[in-house]
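Undergrad: Provided below are the primary sequence and the corresponding predicted coordinates.
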Amino acid sequence: MRIVLVDDEALARDRLRRLLEGEDDHQVVGEAANGIQAVGVCEALQPELVLLDIRMPGMDGLETARHFLQLDSPPAVIFCTAYEEHAVQAFDLQAVGYLLKPVRKENLLLALDKAVRLNRAQLAFLNDADDGRRSFISARTYKGVELIAVNDVRYFLADQKYVTVRYSKGEVIVDETLRELEDEFADMLVRVHRNALVAKSFIEGLRKDKQGQVAVKLRDVDETIDISRRHLPAVRKIVKKL
């Protein structure tokens, strides 16, 4: 089994590597020090399994596992955690692999034998278990899986079956609905139209054309986004607070 180690502590990764030394059935093929690196490493190396720390700065293990599902071949995931017993039992009931730190070799080998690839049911559980919202949006592009920081997003624009994300480096298409995004990031986004959400923090002001159509002007964005009459009062309230 080809394995990637993900932990923000180098000593923890070294310990796992040592535990796997001499195990002919298992090979460590890569490492990552955080969730963002982990997605890139796993996309490049396509491991069969990831030993994934839960508590990491920037993007924790739960969110990282969710982004793994954007990969062509999502790896199996075994979480390495210091959670209390009741949380570990919850993971166990959902057939999500876990290991308590400090990891012991006999427990590690047993978990590897039971490992299964991350599936949709497990993803649903991860969504419930992760009290915090995502810090990144993932999208599949010609470059592979790209992670866009939510606080770098200017707007989301829906067009039939697609949702375009505009951010500092350009645009990508994501496989999510505006409703899902609006619910998850309600305090960061405001709906300005049935097909558009904009980031409150990037709003500069409002513009009105000769036909009376009001649009929102965003910082660092050339184009404006039309505001529907239905959503105009809510947007005006936000602008007044700027």
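TA: Good, I have the coordinates.

Undergrad: this structure: helices as residue ranges?
TA: 10-20, 35-45, 61-68, 85-93, 105-114, 120-129, 178-184, 232-241 (DSSP state H).

Undergrad: any idea which of these is most buried?
TA: Comparing those by mean neighbour count (mean count of other Cβ atoms under 10 Å), helix 61-68 ranks first with a mean of 24. Any C-beta I mention is one placed from the backbone N, CA and C, and that applies to glycine too.

Undergrad: tell me the angle of that one relative to helix 35-45?
TA: Here helix 61-68 runs at an angle of 30 degrees relative to helix 35-45 (axes from the mean of the first three to the mean of the last three Cα atoms, to 10 degrees).

Undergrad: what's helix 61-68 packed up against?
TA: The helices and strands touching helix 61-68, judged by 3 or more Cβ pairs under 8 Å, 6 or more residues apart in numbering; DSSP states H and E, are helix 35-45, strand 49-53, strand 76-81, helix 120-129, strand 136-141.

Undergrad: okay, now the sheet partners of the second one, with direction.
TA: The strands that strand 49-53 pairs with in its sheet are strand 2-6 (parallel), strand 76-81 (parallel) (by DSSP bridges).

Undergrad: run through who's touching it.
TA: Under the contact criterion Cβ atoms under 8 Å, 6 or more residues apart in numbering, strand 49-53 has outside partners 1-9, 12, 16, 38, 42, 61, 64-65, 68, 75-81, 99, 112, 115.

Undergrad: which of the helices and strands packed on helix 61-68 comes out lowest on mean pLDDT?
TA: In terms of mean pLDDT, the lowest-scoring of the helices and strands packed on helix 61-68 is helix 120-129 (a mean of 63).

Undergrad: now distance to Leu218 too, for the helices of the chain, in TSV please.
TA: As requested, the helices of the chain are exported to TSV (distance: least, Cβ to Cβ, whole Å):
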stretch	distance to Leu218
helix 10-20	41
helix 35-45	25
helix 61-68	26
helix 85-93	40
helix 105-114	47
helix 120-129	29
helix 178-184	16
helix 232-241	12
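
Undergrad: which stretch in those helices has the least confidence?
TA: helix 85-93 (a mean of 52).

Undergrad: about what we covered before: how about the strands paired with strand 49-53, which one is nearest Val103?
TA: Nearest of the strands paired with strand 49-53 to Val103, taken as Cβ to Cβ: strand 76-81 at 6.3 Å.

Undergrad: alpha carbons of the closest one, as CSV, please.
TA: This file holds the C-alpha atoms of strand 76-81, laid out as CSV (Å, rounded to 0.1, in the frame of the first residue of the first chain):
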residue,chain,number,x,y,z
ALA,A,76,-8.3,5.9,2.0
VAL,A,77,-7.9,8.1,5.1
ILE,A,78,-6.9,7.2,8.6
PHE,A,79,-7.1,10.1,11.0
CYS,A,80,-4.4,10.6,13.6
THR,A,81,-6.1,12.3,16.5
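
Undergrad: quick check: angle from that strand to helix 105-114?
TA: Using the same axes, to 10 degrees: strand 76-81 against helix 105-114 is 150 degrees.

Undergrad: quick one, strand 76-81 and helix 10-20 angle?
TA: Using the same axes, to 10 degrees: strand 76-81 against helix 10-20 is 130 degrees.

Undergrad: residue contacts, Glu43?
TA: By Cβ under 8 Å, 6+ apart, the neighbours of Glu43 are Leu71, Gly144, Val145.

Undergrad: contact partners for the closest residue to the last one other than its chain neighbours?
TA: It refers to Val145. Once flanking residues are discounted, Val145 sits nearest to Gln70: 4.7 Å by Cβ to Cβ, 6 or more residues apart in numbering. Contact analysis of Gln70 by Cβ under 8 Å, 6+ apart lists Val39, Ser138, Ala139, Arg140, Val145.
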